[in-house]
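Asks: sequence and predicted model, in that order:
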Amino acid sequence: MPFIRHAKAALALIILTASFSLSGMQASLAVEPAGAIKPLKSVPTDSIAEYLSDQTHLVIESANGNSAFVVELALDDATRMKGLMFRTSLADGHGMLFDFDATEPVFMWMKNTYISLDMIFAEEDGTIHHIVKATTPLSESVIGSAGPVRYVLEVPKGTADKLGIKPGDKMLHQLFTPKSSK
């Protein structure tokens, strides 16, 4: 059923709203650009530990607040190699978190990846080290971490700018955030 899958993906890229004026029976259409980023869920500081109790949840602490993400985990070689290849969309507030098991320079590429991404490279403690914005879909060019890192978070293109994420900000997740003692 590839046609149905692709039709749904196409519908997800464009949000169409119609407004009708009853007096003149005129219709106007407003089209939101594909990939437009809506505000993400914010997590209050006192609720972070509870939010992070789900391994698919990640928070980025930045000057603009605590932004919540739902992530898929890439914890083994097979999953890391496939990553987000062959996907035609990635919802706002979602991403993939790669754990490379060691802190070292990391190199990524966009081969067979149809969507543009922001790649957020983080150190072992979750501190953001480097960000590559708006990657080129299907490119085989090497994208480097600009130094030793352990984690990479891939999110939809434009997320880093929209949320004001920058190097030095902090990612929080079960993999690298110590549980607070009660």
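Replies: That came in fine, so what should we check first?
Asks: ok, the most centrally placed residue in the chain - contacts?
Replies: The residue lying closest to the centre of the chain (Cα atoms, centre = their mean) is Val155, at 1.8 Å. Contacts here follow Cβ atoms under 8 Å, 6 or more residues apart in numbering; on that basis Val155 touches 69, 90, 94-95, 117-118, 120. For glycine as for every other residue, the C-beta is placed from the backbone atoms N, C-alpha and C.
Asks: where's it relative to Met108, distance?
Replies: 13 Å (Cβ to Cβ, to the nearest Å).
Asks: just Ala91 next, same as before
Replies: Taken as Cβ to Cβ, the span from Ala91 to Met108 is 21 Å.
Asks: please enumerate the strands of this structure.
Replies: Taking DSSP state E as the criterion, the chain carries its strands at 15-21, 26-32, 57-62, 65-74, 94-108, 117-122, 128-132, 143-156, 170-172.
Asks: remind me what the shortest one packs against, helices and strands.
Replies: The contact analysis (3 or more Cβ pairs under 8 Å, 6 or more residues apart in numbering; DSSP states H and E) places strand 170-172 against strand 57-62.
Asks: and the fifth one, by the same measure?
Replies: Packed against strand 94-108, as judged by 3+ Cβ pairs under 8 Å, 6+ apart, are the following elements: strand 65-74, strand 143-156.
Asks: against Val71, how distant is Gly126?
Replies: Distance from Gly126 to Val71, by Cβ to Cβ: 13 Å.
Asks: joint contacts of the two?
Replies: His173.
Asks: ok, back up a step: which one of the contacts of Val155 is nearest Tyr151?
Replies: Set against Tyr151, the nearest of the contacts of Val155 by Cβ to Cβ is Ile120 (8.4 Å).
Asks: residues contacting that closest one?
Replies: Taking Cβ under 8 Å, 6+ apart, we find Ile120 in contact with 60, 128, 131, 152-155, 160, 165, 171.
Asks: pLDDT score for it?
Replies: Here the pLDDT value assigned to Ile120 is 98.
Asks: just Ser62 next, same as before
Replies: In this model, Ser62 carries a pLDDT of 94.
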